[in-house]
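Colleague: my questions concern the predicted model and sequence given below.
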Amino acid sequence: MPRVTFPHVGESYRAFKMLMEDLGNEVIVPPRPSRRTLDLGVRHAPEFACFPVKILLGTYLETCPQGVELIVTTGGVGPCRAGHYAQLHKKILRSLGYAVDVVVLEPPRLYPLDFLHSVRRLNPHRLSFRAIYECVRRAWRKLQALDNLEKLTHKIRPRELRAGETTRVYRRVLEWVDRAYTMREIVEAERAAAEELQKVPQDPAREVFKVGIVGEVYVLLEPASNLEIEEALGHMGVEVERSIFLTGWTRDNTWAETHEVLTVKDAALPYLPELLGGHGRDSVGNTVIFAKRGFHGVIQLAPFTCIPEIVARTILTRVSRDFGIPVLTFFLDEQTGKAGMITRLEAFVDLMRRRKGP
Ligand code: SF4
């Protein structure tokens, strides 16, 4: 059984682990990124590498000593460095003595043969296509359940009566989804988990601000990389709506661009007609859409040195002016501290309160 690992991206490892095991792999679950992960990544990655690259390298350096043979990751298309990073990781890990290989899942609609070849490598049980389809269907449903529950916490947390209660319940119910295996169990676990979250005592009359979160995909999806900004905002009475979830991102990169993606592109068009790579154009388009939907503010999360988000940042100044919506940008790297972030968030919430008036 090949020993396989993959990047830690929020709670998605729960679905991905199930899928990899079903296909016949032994999974080394990546730990949640910590200070140690970052230190390892920073020590061995080139200094100019983007922040997600350092975190991912640190994660691999934590799992490789457990005998990992294969790392499964996604590729990148468009004018940005993302497409090269899997090879960079492989070279660094090999130079450190780890005999690992990397399987890069490229978008099947662009590279169908590469994708099939990767699936074959990850299928040591030699399951039929039909059996693989069933495994993917269950993993996909689990991923949807995880995304749906996370979205629910974004609504409940700013209204909770006891600080921290939503997060406590969320941590507990995630295990229910984790243990669910059949399609029926997954659906049932999601339903029970949502009900449990709804039981968190809430103050429906509380003044809540709505803030859209845009930016680069990894720092949006992995809370450890953004210092749990969504949770911090929830505790300040802010309901966040994140522009990217893993199910949406996977869907848009697998088969065809959906209506949502095209809407975001259209919204960005007057400001940015070109593909920047990464999620720069999406950051602009989603900010326009959040503004039109009447949100009180937008927060952009960008890895330090991320070119697409740096370009988007300059354009967002104009979007902010045109639509009268405050936009706050965080450039994240290993030096970013939580205390400084909280101070800026508090000032941002104050700003939204003043703009709203009595
Ligand atoms: S999108 Fe930004 S952070 Fe991601 S690889 Fe490209 S430049 Fe780096």
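Modeller: Thanks, I have it. Residues are numbered from 1 along each chain as shown.
Colleague: ranges for the strands of the protein?
Modeller: In the chain, the strands defined using DSSP state E lie at 3-5, 26-27, 70-74, 101-105, 209-215, 238-242, 297-303, 327-332.
Colleague: closest one to the ligand among those strands?
Modeller: Nearest of the strands of the chain to the ligand, taken as CB to the nearest ligand atom: strand 297-303 at 4.1 Å. Every residue, glycine included, has its C-beta placed from N, CA and C.
Colleague: now the residue in the stretch 251-358 of the chain that the ligand sits nearest to: closest residue in space, sequence neighbours ignored.
Modeller: Proximity of the stretch 251-358 of the chain to the ligand (CB to the nearest ligand atom) peaks at residue 278, 2.6 Å away. In space, and not counting its chain neighbours, residue 278 is closest to residue 308: 3.4 Å by CB to CB, 6 or more residues apart in numbering.
Colleague: ramachandran coordinates for the residue of the stretch 251-358 of the chain closest to the ligand?
Modeller: Note on residue 278: its backbone torsions stand at phi 50, psi -140 [degrees, to the nearest 10].
Colleague: mind listing the helices for the stretch 251-358 of the chain?
Modeller: 259-268, 280-292, 307-323, 338-356 (DSSP state H, counting those that start in this stretch).
Colleague: related to what we said a few turns ago, can you list the strands of the chain in CSV and add mean neighbour count and distance to the ligand?
Modeller: Formatted as CSV, the strands of the chain follow (neighbours: other CB atoms under 10 Å; distance: least, CB to the nearest ligand atom, whole Å):
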stretch, mean neighbour count, distance to the ligand
strand 3-5, 23, 20
strand 26-27, 18, 25
strand 70-74, 20, 11
strand 101-105, 17, 14
strand 209-215, 24, 9
strand 238-242, 21, 16
strand 297-303, 26, 4
strand 327-332, 20, 10
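Colleague: pipe these into CSV and attach mean pLDDT and distance to residue 189 per row.
Modeller: Below are those laid out as CSV (pLDDT from 0 to 100; distance: least, CB to CB, whole Å):
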stretch, mean pLDDT, distance to residue 189
strand 3-5, 96, 24
strand 26-27, 96, 20
strand 70-74, 93, 25
strand 101-105, 91, 26
strand 209-215, 97, 26
strand 238-242, 98, 22
strand 297-303, 97, 30
strand 327-332, 97, 33
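Colleague: good, wrapping up.
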